[in-house]
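Q: Sharing a sequence plus its predicted fold:
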Amino acid sequence: QKSGSSVRSSVKSSGRSSVEKRRSGEFLMGLRKVKTPMRAEWNGQVIAESRNCECYDGTFYFPREDLVADCFTESTKEDRDEKKGLKKFLNVVVDGKLHTNAAFYYPDPIPKDAGRIQNQVAFWKGIPVRACGDSDDDSDSD
């Protein structure tokens, strides 16, 4: 009886638990301000750290002023995302090691609700993004 009541209490009004929503990606959709300070690291060095990240569809975006500028170079690669528009890439360089196209940003995102991520930088290709003080890899960005 007790286990059944605890299961029922975790179900939201939609009839789905928060675990089910996370697994389906529903929990991650949309734009939200991240309340926890976040950081990105590569090759043993912090390359971005911010208290002002935005999370859009499950990806963390850092303000440019919170990047370690010496760790980034512009890439010539561009791509077009059907939902967000033109996507430009940055290379990450730490201690002479180059990680090509490992960061990206949208100079002019299409959806109106995505305006807050304009020119903010997100990471992928194995660059972990996590809460400051957290040593787990559970919050990696796409």
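A: Looks like it arrived, so ask away. Residues are numbered from 1 along each chain as shown.

Q: distance of the residue most central in space within the chain from Thr36?
A: The centroid of the chain falls nearest to Phe60 when counting by C-alpha atoms, centre = their mean (2.0 Å). From Phe60 across to Thr36, the span is 10 Å (C-beta to C-beta, to the nearest Å). C-beta: built from backbone N, CA, C; applies to glycine.

Q: go on, Asp95?
A: Distance from Asp95 to Thr36, by C-beta to C-beta: 28 Å.

Q: More neighbours: these two, which one.
A: Ranked by neighbour count (other C-beta atoms under 10 Å), Asp95 and Thr36 place Thr36 first, with 12 against 9.

Q: Is that one within a helix or a strand, and which one?
A: Per DSSP states H and E: Thr36 is located in neither a helix nor a strand.

Q: ok, now which ones touch it?
A: By C-beta atoms under 8 Å, 6 or more residues apart in numbering, the contact set of Thr36 is Ala131, Cys132.
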